[in-house]
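J.: take a look and give me a structure for this.
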Amino acid sequence: MVKEQKGFTLIELLVTLLISSLIMGSAYMLLISQARAYGTQEKIVTVTENLRSAMEVMTRDIRLAGYKKAGATFTGIATAQKTSIRVLADFDQDGLLTSPEEDNTYTWDSTSLVIWKNTASNTLLENVTDLTITYTLADGSSCGGSTNVTCSNLSNIRKITLSITSRASAPDMNGNYHSMTLTSDLTPRNLNFS
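T.: Have a look, this model is predicted:
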């Protein structure tokens, strides 16, 4: 009498190996896909955080443009261009604009893709693909921005629209740079609205 042998046949082992390989391959592809998605989301979050931080700094200074003690004669907006703005505010109320943070210029350098504050060595935001500043005047007309008309009478500025577009520092796996645009409408509270 021959005992029946128990175990797997070669065909059963090959089928099991094939099914296991398919499952492991699918799991690997899912893992790779998730890692790429995570990397993309991380780049988007970094762009968003940096852009919001720079926007906050600029909007704070622009909103305070023209803050001064009674009798001071400077205009809150000293320079109004499509890609640059200079704002003045006398925070210590001494009648002079000599203290830090009282005279700030924000400029976009389209060659190096940075917005710098006061000097080119003081980078506020990198990887900026566009900065557009539009100024709305007392009569409702506008200058700067897409019109690219130079603002000649700075004391007539009533509203400032700031739009910044920034992108990720490196492309994704498809070679695309993820970008984001933030826009803010600002009404400086301390300008002369007579």
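J.: residues making contact with the lowest-mean-pLDDT helix or strand in the chain?
T.: Lowest on mean pLDDT, DSSP states H and E among the helices and strands of the chain sits strand 142-144, with a mean of 88. Contacting residues not belonging to strand 142-144 are listed as 80-82, 132-137, 149-152 [C-beta atoms under 8 Å, 6 or more residues apart in numbering]. In short, each C-beta sits where N, CA and C put it, glycine included.
J.: SS state for the most centrally placed residue in the chain?
T.: By C-alpha atoms, centre = their mean, the chain has its centre lying nearest to residue 51, at 2.3 Å. Using DSSP: H, G, I helix; E, B strand; the rest coil, the structure places residue 51 in helix.
J.: please identify the helix or strand for the nearest residue to it once chain neighbours are set aside.
T.: Using C-beta to C-beta, 6 or more residues apart in numbering and skipping residues adjacent in sequence, the residue nearest residue 51 is residue 166, 4.6 Å away. Using DSSP states H and E, residue 166 sits in strand 157-167.
J.: could you list every helix and strand in contact with that strand?
T.: The elements that strand 157-167 packs onto, with contact taken as 3 or more C-beta pairs under 8 Å, 6 or more residues apart in numbering; DSSP states H and E, are helix 10-63, strand 77-81, strand 123-126, strand 128-137, strand 179-186.
J.: make CSV out of those and add distance to residue 104 and mean pLDDT.
T.: CSV is the format used below for the helices and strands packed on strand 157-167 (distance: least, C-beta to C-beta, whole Å; pLDDT from 0 to 100):
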stretch, distance to residue 104, mean pLDDT
helix 10-63, 5, 93
strand 77-81, 10, 92
strand 123-126, 10, 96
strand 128-137, 14, 95
strand 179-186, 14, 95
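J.: in CSV: these, plus distance to residue 71.
T.: Below are the helices and strands packed on strand 157-167 laid out as CSV (distance: least, C-beta to C-beta, whole Å):
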stretch, distance to residue 71
helix 10-63, 22
strand 77-81, 18
strand 123-126, 32
strand 128-137, 25
strand 179-186, 25
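J.: before we move on, back to that, thought the residue nearest to the centre of the chain was touching residue 182?
T.: Yes - assessed by C-beta atoms under 8 Å, residue 51 is found in contact with residue 182 at 5.5 Å.
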